[in-house]
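Peer 1: coords below, sequence missing:
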């Protein structure tokens, strides 16, 4: 299949100021009519990285250079879509501006070189059911009036900023909350003393604790009530850890790695463990093995109560990466979750490219790539995945599928 080439044309009636490049959002093709240009943000990204000032706009008409004398210089190509439809890729500059003209030509040629038919595999969004439900309850609550959010509410930076703008107040202490106010408890839950104090002060509670976290809190309570020291496998700094400790009378000890097990001080005949939600279950195996080796009488939780959301997310990303040549990891490059996703992708044998915004995508990333993946970190703007998908669709036929790993409990106790 021959590659489309960037044609040099004239756009009569289109004016571009010296020093800038007009990136086409629509192009009026004499034969096909007005064609959309979904890849315009990608073209703009190449130009901005070169320090070129960019403006977006439609180019209603263009003609061969020999047929028109005036107007901006336009470099244009097309990408064939289904049903013989086409999308355009174009950039224009003032004819007297040699620097901008060269930049416009280079940007269109770079993207023209990677026009192709591709598959796009999208991993699921990073938020589990508990986190999504807590966010929905927060949005509903703030729509009815001021609400205080106690502790860590899982959500994208954009979603949290939107809540704050709508009237939500975020705090880590009840002292900041006036008597009689409405308080939302996020999915990670809180310690029992926090709930008791809120009730004593007459605060209106909206408890959005994840059901799995609530069940784990009750299990920790049972372990502590029979005199056990409770080992929580997971990072002590995780938002759910403080809540668990508070439900066990502070009889919990965190152990994140096998090396941490050596420092655990507990009665060997009265020790239990639980798995902290929010981390892949398979990542806890080495720690639980080390605990059983040191504490042979160790008692554990019911596996039916494990949180498999993080495992499913990791499995989904591995499945996407295993079927792709490269994966676009959406999110801030200095974000821990972004780095974790990129590591999963590379460990699965695919190239990982971090994309903080749509203009960051580089044409070379798509060269020779027939299947590309998409994975979202918790720092990614909610709309970015759809924006990237739409832009890639402007580079030729794009088949979009979603690949998701889901764990279902199917033991005898689950059968009806």
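Peer 2: Sure, I can see it. Just so we're clear, the structure is a prediction, and the values are computed from it rather than from any experiment.

Peer 1: strands along the stretch 151-300 of the chain, start to end?
Peer 2: According to DSSP state E, counting those that start in this stretch, the stretch 151-300 of the chain carries its strands in the segments 168-171, 182-185, 204-207, 229-233, 252-255, 271-275.

Peer 1: let me have those strands in a markdown table, adding mean pLDDT, distance to residue 97 and mean neighbour count as columns.
Peer 2: No exception for glycine: its C-beta is placed from N, CA and C like everyone else's. Below are the strands of the stretch 151-300 of the chain laid out as a markdown table (pLDDT from 0 to 100; distance: least, CB to CB, whole Å; neighbours: other CB atoms under 10 Å):
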| stretch | mean pLDDT | distance to residue 97 | mean neighbour count |
| --- | --- | --- | --- |
| strand 168-171 | 95 | 49 | 16 |
| strand 182-185 | 96 | 55 | 21 |
| strand 204-207 | 94 | 59 | 15 |
| strand 229-233 | 91 | 62 | 24 |
| strand 252-255 | 88 | 62 | 21 |
| strand 271-275 | 92 | 62 | 24 |
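
Peer 1: of those strands, which is nearest residue 161?
Peer 2: Nearest to residue 161 among the strands of the stretch 151-300 of the chain is strand 168-171 (10.0 Å), distances taken as CB to CB.

Peer 1: helices and strands of this structure: which one has the lowest mean pLDDT?
Peer 2: strand 63-64 (a mean of 78; mean pLDDT, DSSP states H and E).

Peer 1: which elements pack onto it?
Peer 2: Applying 3 or more CB pairs under 8 Å, 6 or more residues apart in numbering; DSSP states H and E, we find strand 63-64 packed against strand 7-11.

Peer 1: what's the burial count for the closest residue in space to residue 229 that isn't next to it in sequence?
Peer 2: In this structure, residue 229 finds its nearest non-sequential neighbour in residue 266, 3.8 Å apart by CB to CB, 6 or more residues apart in numbering. Close neighbours of residue 266, defined as other CB atoms under 10 Å, add up to 19.

Peer 1: how about residue 149?
Peer 2: 24.

Peer 1: quick one: the helix or strand following the least confident helix or strand of the chain to strand 7-11, angle?
Peer 2: Scanning forward in sequence from strand 63-64 by DSSP states H and E, the next helix or strand is strand 72-80. Relative orientation of strand 72-80 versus strand 7-11 (axes from the mean of the first three to the mean of the last three CA atoms, to 10 degrees): 130 degrees.

Peer 1: which strands or helices does strand 72-80 pack on?
Peer 2: Judged by 3+ CB pairs under 8 Å, 6+ apart, the packing partners of strand 72-80 are strand 7-11, strand 20-29, strand 86-93, helix 98-112.

Peer 1: buried set for that strand?
Peer 2: For strand 72-80, the neighbour count (16 or more other CB atoms under 10 Å) marks 72-79 as buried.

Peer 1: list the neighbouring strands of that strand plus their orientation.
Peer 2: Take DSSP bridges as the rule and strand 72-80 pairs in its sheet with strand 7-11 (antiparallel), strand 86-93 (antiparallel).

Peer 1: which one of those strands lies closest to residue 36?
Peer 2: Of all the strands paired with strand 72-80, strand 86-93 comes closest under CB to CB, at 5.7 Å.
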